[in-house]
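S.K.: When you get a sec, could you give me coordinates for this:
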Amino acid sequence: MRVLLVYPSLLRADVRHYSRAVEKHRGIYPSLGLGYIASSLLRHGHQVAVVDCDAEDKPRQKIEKTVREFQPDLVGCHTMTWTFAQANWLLQMIKEIKPDIRSVAGGPNITAFPSFALEVSEFDLGVYGEGEITIIELADALEKGRELKDISGASFKKGGEVVVNSPRALIPDLDEVPFPAWQLLPLPRYFDVFTRHRRFATMMASRGCPYDCTFCDRLNRMGRQWRVRSPQNVVAEIKFLMSNFGIREVMFFDDNFIIDRSWIYNLCEEMLRQKVAVDWECRARVDMVDRPLLQAMKKAGCYRIRYGMESGDDNILKVLKKGITVEQSLECARISKEAGIEIFAYFMMGSPCETKETLEKTLALAMKVDGDFTVFSKTIPIVGSELFDWAVQNGYINKDYWKDFLLGKETNPAPALSTLELPEKVVDEYISRANRKFYLRPGYLVRRLRSIRSPGQLYRQFQMARGVFSS
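M.R.: Numbers count the residues shown, from 1 in each chain. A predicted model of the protein is given here:
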């Protein structure tokens with residue numbers, strides 16, 4: 001079977017988590033989800049083409065050309081809430097060219113709404129949850145004309161109704177999943193404003209997260225159960241990327257890279273044993289690192305860690321069920337700097353029980369941490385999160401908000417927990433003030449200029465800064 005996989009454009013979507021200028025300049029990243037789906041299809045004998053709309057100057061024309069020349073039997077789209085309408089529009093365009101094509105939606109949106117998303121779209125089929133095995137069974141069934149009712153993790157239209165099959169169990173052994181089909185992705189076109197090197201790749205060494213943060217929608221993504229690839233498997237992919245595509249830097253996109261400390265030590269040892277000279281960064285909790293671990297990671301090439309510090313108020317952290325304290329964030333920052341590892345800190349503003357006083361504490365913590373980069377963002381109740389359920393129960397948001405958003409009845413893609421005491425406008429003003437206070441310090445600006453390694457890096461970060469301060 002010939003399968004076309006399409007990744008709709010996030011740059012052209014109305015996301016509003018950050019300003020449009022920031023979204024435009026912060027980076028374009030390979031779709032690991034489509035890459036894994038593509039490699040799974042290829043392994044089972046199907047032919048695959050991929051169009052990443054963000055990596056194309058004229059994505060519509062690219063899709064039209066690919067459909068006419070490749071003549072796919074099935075088209076699959078990665079759907080997020082913010083790109084759902086665009087994916088549906090692209091599918092309509094594809095069906096005008098090839099009316100008999102079958103279509104399948106995957107990604108977090110179809111996982112959140114396995115029935116509703118099909119009801120209000122042109123898609124024939126859906127893959128919810130982890131899709132590597134489900135897509136193979138779907139493609140094989142479609143090719144051989146078999147029934148779809150026994151395929152776990154799939155939904156489909158039948159007789160004017162949507163049938164949602166039972167969920168599929170999470171993949172226990174991630175080493176069995178083939179590397180993403182990197183050869184089908186336009187790697188030279190991807191960039192990140194914060195990377196040291198122009199040629200970089202994203203990777204996931206693990207899936208799932210066992211923690212209870214109320215704002216996370218992990219159940220719509222990789223689940224609660226943490227599963228990890230072997231160090232040998234991870235290093236093999238890094239070496240493959242380096243030798244075949246000239247990759248010099250890796251961004252690990254795992255929700256939490258450090259869950260099993262012994263695994264991290266083994267990975268670092270494997271990278272050193274195989275002499276893998278690549279810069280890399282990851283995401284971790286502030287309560288999961290110590291000096292010996294950070295030193296081992298630094299020695300193996302880790303130069304930056306992204307920490308979700310979230311708030312400068314311990315009560316807010318308890319409300320968010322983050323499981324950390326302000327003191328732990330400060331200690332983490334101190335030992336990370338001692339190890340020579342850059343800090344990329346994330347803070348949220350507008351959480352439940354938030355006040356102007358707690359916002360001031362968050363800004364004060366950000367200044368004390370003094371990370372190399374800091375992001376201040378608005379707390380958003382995402383469907384599938386405990387925070388969303390709490391917001392519904394307490395009257396902050398309608399239970400059908402995100403369904404209405406898909407229908408175009410709601411137009412704000414980033415709703416806030418606005419209160420009379422702390423309206424959304426005030427939260428937005430605090431975020432703007434926090435950015436200016438943090439980034440416009442003379443000492444910080446000098447430090448950043450000294451860290452610039454190339455004219456290209458200087459240009460990208462300058463454009464990013466313009467986006468931050470013009471919002």
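
S.K.: Please parse this protein into its domains.
M.R.: Described in terms of automatic domain parsing, the domain architecture of the chain consists of the residue ranges 2-164, 194-379+416-439.

S.K.: Which of the ones you listed sits closest to Trp402?
M.R.: Shortest distance between Trp402 and those, using Cβ to Cβ, is found for domain 2-164: 6.1 Å. From N, CA and C alone the C-beta is placed, and that goes for glycine too.

S.K.: circling back to that earlier point, can you put the domains of the chain in JSON lines and add mean neighbour count and distance to Arg450?
M.R.: Putting the domains of the chain into JSON lines (neighbours: other Cβ atoms under 10 Å; distance: least, Cβ to Cβ, whole Å) gives the following:
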{"stretch": "domain 2-164", "mean neighbour count": "19", "distance to Arg450": "21"}
{"stretch": "domain 194-379+416-439", "mean neighbour count": "18", "distance to Arg450": "11"}
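
S.K.: Wait, Ala339 touches Gln295, no?
M.R.: Yes. Between Ala339 and Gln295 there is a contact at 5.4 Å, judged by Cβ atoms under 8 Å.

S.K.: what about the domains of the chain, which gets the closest to Pro180?
M.R.: Closest approach to Pro180 among those (Cβ to Cβ): domain 2-164, 2.7 Å.

S.K.: ok, back up a step: okay if I get the domains of the chain as JSON lines plus distance to Pro172 and mean pLDDT?
M.R.: Conversion of those to JSON lines gives the following (distance: least, Cβ to Cβ, whole Å; pLDDT from 0 to 100):
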{"stretch": "domain 2-164", "distance to Pro172": "11", "mean pLDDT": "92"}
{"stretch": "domain 194-379+416-439", "distance to Pro172": "6", "mean pLDDT": "95"}
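
S.K.: Dump these into TSV; add distance to Tyr401 as well.
M.R.: Below are those laid out as TSV (distance: least, Cβ to Cβ, whole Å):
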stretch	distance to Tyr401
domain 2-164	10
domain 194-379+416-439	12
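
S.K.: of the ones you listed, which approaches Val177 most closely?
M.R.: Each of the domains of the chain has some distance to Val177 by Cβ to Cβ; the shortest is domain 2-164, at 5.7 Å.

S.K.: Just the element for Asp140, please.
M.R.: Secondary-structure element containing Asp140, defined by DSSP states H and E: helix 132-144.

S.K.: helices or strands up against that helix?
M.R.: Packing partners of helix 132-144 (3 or more Cβ pairs under 8 Å, 6 or more residues apart in numbering; DSSP states H and E): helix 32-43, strand 74-78, strand 102-106, strand 125-127, strand 154-158.

S.K.: need those in TSV with distance to Ser432, can you?
M.R.: Formatted as TSV, the entries for the helices and strands packed on helix 132-144 read as follows, by distance: least, Cβ to Cβ, whole Å:
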stretch	distance to Ser432
helix 32-43	32
strand 74-78	32
strand 102-106	36
strand 125-127	39
strand 154-158	42
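
S.K.: And stretch 143-161, how far out from the chain middle?
M.R.: A distance of 29 Å separates the centroid of the chain from that of stretch 143-161, by Cα atoms, centre = their mean, to the nearest Å.

S.K.: Val163 contacts Ser155, correct?
M.R.: Yes. Here Val163 reaches Ser155: they are 6.5 Å apart, a contact under Cβ under 8 Å.

S.K.: Pull up the overlap in contacts between the two.
M.R.: Any residue near both Val163 and Ser155 by Cβ atoms under 8 Å, 6 or more residues apart in numbering counts here, and not one turns up.

S.K.: For stretch 189-207, measure first residue to last.
M.R.: The separation between the terminal residues of stretch 189-207, taken as Cα to Cα, to the nearest Å, is 26 Å.

S.K.: Ok, stretch 101-109 next?
M.R.: The straight-line separation of the ends of stretch 101-109 (Cα to Cα) is 22 Å.

S.K.: contacting residues around that stretch?
M.R.: 33, 37, 67, 72-81, 83-84, 87, 91, 94-95, 117-118, 121-128, 131, 135, 138, 142, 217, 220-221, 384, 406.

S.K.: again, but for stretch 405-425
M.R.: For stretch 405-425, the surrounding residues in contact (Cβ under 8 Å, 6+ apart) are 13-17, 81-82, 84-85, 109, 113, 116-117, 120, 350-352, 354-356, 359, 378-381, 391, 396-397, 401-402, 404, 427.

S.K.: can you check stretch 364-376 too?
M.R.: 194, 304, 307, 309, 311-312, 326, 329-330, 333, 342-347, 349, 362, 430-431, 434-435, 437-439, 444, 447-448, 451.

S.K.: 7 Å - rerun?
M.R.: For stretch 364-376, the surrounding residues in contact (Cβ atoms under 7 Å, 6 or more residues apart in numbering) are 194, 309, 312, 326, 329-330, 333, 342-347, 349, 431, 434-435, 438.

S.K.: can you map out the helices along the stretch 201-350 of the chain?
M.R.: Assigned by DSSP state H, counting those that start in this stretch, the helices in the stretch 201-350 of the chain fall at 231-245, 261-273, 291-299, 314-319, 326-338.

S.K.: Export those helices as JSON lines, with columns for distance to Ala416.
M.R.: Output for those, formatted as JSON lines (distance: least, Cβ to Cβ, whole Å):
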{"stretch": "helix 231-245", "distance to Ala416": "38"}
{"stretch": "helix 261-273", "distance to Ala416": "36"}
{"stretch": "helix 291-299", "distance to Ala416": "35"}
{"stretch": "helix 314-319", "distance to Ala416": "15"}
{"stretch": "helix 326-338", "distance to Ala416": "23"}
